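Enquirer: Generate coordinates for the sequence data below:
(one chain, ligands or ions: 1)
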Amino acid sequence: MNVSELNAIAEAMVAPGRGILAADESTGTIKKRFDALHVESTPETRRDYREMLFRSTEAMSKYISGVILYDETIRQNAKDGTPLVKLIEKAGSLPGIKVDKGTKPLPSCPGEVVTEGLDGLRERLIEYRALGAKFAKWRAVIDIGQTPAPANALPSSTCVRANAHALARYAALCQDEGIVPIVEPEVLMDGDHDIDRCVDVTTWVLKETFAELFRNRVALEGMVLKPNMAVPGKKSGKRASVAEVAEKTLRLLKQCVPAAVPGIAFLSGGQSDEEATAHLDAINKLGELPWRVTFSYGRALQHAPQQAWSGRSENVAAAQRAFGHRAMMNGLATMGQWKADLERKAA
Ligand code: 13P
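Expert: Down below sits the predicted model:
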């Protein structure tokens, strides 16, 4: 393992003003997004859509440090035959790859899942590296049970530990193959819990994750953490102010994330586009932080361009403008320089 090479890639992924585009939706997930637009999901429409994003030259070169791809996409060529990976590289952005194989029910833990994909992972990493991947992603999913919590509330320690262990095994393998791991333990925001329960569970999950990363000898300088923010569950009917989300998120991260980690790149997790930007901005406005704090958004970067595109080639320019706008807003938020006024001016 060459820690300084891994560190240089990780630092580039979280460079000031820039963040990561998560465009690694599985075939099933992108179909759901396309269904909402009444667009058929085929290898060609998926290619056209992603080519539209990666050819958004200004957004890509100024605000997007890296793109997480799905297995199909990393092998696809643009309409003119250029590999999509080359489009990303030409824009000065780094190609990355989702390497987990999704979630499966966790035995004896009803309602809980564990992320699979460790078998054969070394061989897949070697292949992806040859295809141009500089970093990888593995997403663990933790669900918070209903409140008030009974004694056997979710998540179970079985679930938290199994997922933390898999994340660390994946991260160690990535580093051994010269690939920077994005370590993503996502605590879902679907439940009816309040923000403080989200803080408690996220703290627990991150503590377990960093303990496993230590046991598996992962070099913290050569990774990026992709956590959820501290937010109330969607079904709680409660809302937290931007200031509360920022303060509670930063406080818990300071409890859990060693300063050796170069950067934290949040997932958006179902927040609205503007909320995800406002929260990131507010965290960065809280002052000197031990790590770079940026975005690795899927939905919060792609919702607007998907609506604008709607599967029509004549909408490509409008979709690229919508993507460029969200990328710029989030780029500003990585430096605490976003203002709500900038959204209204664009509308
Ligand atoms: P969202 O920003 O839509 O949550 O997606 C990010 C991601 O990569 C989830 O794994």
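Enquirer: Identify the residues contacting the residue in the stretch 1-150 of the chain that the ligand sits nearest to.
Expert: The stretch 1-150 of the chain approaches the ligand most closely through Ala22 (3.3 Å), counting by C-beta to the nearest ligand atom. The way it works is simple: take the backbone N, C-alpha and C, and place the C-beta from them, glycine included. For Ala22, the contact set (C-beta atoms under 8 Å, 6 or more residues apart in numbering) comprises 68, 137, 267, 296-298, 301.
Enquirer: Most neighbours among those, which one is it?
Expert: Neighbour tally across the contacts of Ala22 (other C-beta atoms under 10 Å): the maximum, 30 neighbours, falls on Leu301.
Enquirer: Phi first, then psi, for that residue.
Expert: In terms of degrees, to the nearest 10, the main-chain angles of Leu301 are phi -100, psi -30.
Enquirer: Which residue is the nearest non-sequential neighbour of whichever residue of the stretch 151-300 of the chain sits closest to the ligand?
Expert: Closest residue of the stretch 151-300 of the chain to the ligand, C-beta to the nearest ligand atom: Gly298 (2.8 Å). Residue nearest to Gly298 in three dimensions, not counting chain neighbours: Ala22, with 3.8 Å by C-beta to C-beta, 6 or more residues apart in numbering.
Enquirer: Give me the pLDDT for the one you found.
Expert: Looking at Ala22, its pLDDT is 98.
Enquirer: picking that back up, what's the spacing between the residue of the stretch 151-300 of the chain closest to the ligand and Gly270?
Expert: The spacing between Gly298 and Gly270, counted by C-beta to C-beta, to the nearest Å, is 10 Å.
Enquirer: do the same with Ala10
Expert: According to C-beta to C-beta, Ala10 stands 26 Å off from Gly270.
Enquirer: now swap in Ile68 and tell me
Expert: If you measure Ile68 against Gly270 using C-beta to C-beta, the figure is 18 Å.
Enquirer: How about Pro305?
Expert: 18 Å.
Enquirer: Just want to know which of these two has more residues nearby.
Expert: Set Pro305 next to Gly270 and count neighbours by other C-beta under 10 Å: Pro305 wins out with 25 against 15.
Enquirer: For the more buried one, which non-adjacent residue is spatially closest?
Expert: Counting by C-beta to C-beta, 6+ apart, Phe323 is the residue found nearest to Pro305 once chain neighbours are left out, at 3.9 Å.
Enquirer: For that neighbour, what are phi and psi?
Expert: phi -70, psi -40.
Enquirer: Let me know whether it touches Ala304 as I believe.
Expert: Yes: here Phe323 reaches Ala304: they are 7.1 Å apart, a contact under C-beta atoms under 8 Å.
Enquirer: between those two, who's got more neighbours?
Expert: Remark: of Phe323 and Ala304, Phe323 carries more neighbours, 26 against 18, as counted by other C-beta under 10 Å.
Enquirer: Gln175: neighbouring residues, count only.
Expert: That count, for Gln175 with other C-beta under 10 Å as the rule, works out to 22.
Enquirer: Can you confirm whether the helix or strand hosting it lies near the ligand?
Expert: Gln175 is located in helix 157-176, with elements delineated by DSSP states H and E. No: on the criterion C-beta under 6 Å from any ligand atom, helix 157-176 is out of touch with the ligand, staying 12.5 Å away.
Enquirer: Could you name the helices and strands sitting against the very next helix or strand once past that helix?
Expert: Sequence order places strand 180-187 as the next helix or strand after helix 157-176, per DSSP H and E. When contacts are defined as 3 or more C-beta pairs under 8 Å, 6 or more residues apart in numbering; DSSP states H and E, strand 180-187 packs onto helix 3-13, strand 135-142, helix 157-176, helix 195-215, strand 224-225.
Enquirer: Show me what counts as buried in the lowest-mean-pLDDT helix or strand in the chain.
Expert: Least confident helix or strand, the chain: helix 340-346 with a mean of 83, by mean pLDDT, DSSP states H and E. Of the residues in helix 340-346, Glu343 count as buried by neighbour count, 16 or more other C-beta atoms under 10 Å.
Enquirer: what about the nearest residue to Ala172 once chain neighbours are set aside, how many residues close to it?
Expert: Distances taken as C-beta to C-beta, 6+ apart put Asn216 closest to Ala172, at 4.4 Å, once the chain neighbours are dropped. By other C-beta under 10 Å, the residues close to Asn216 number 17.
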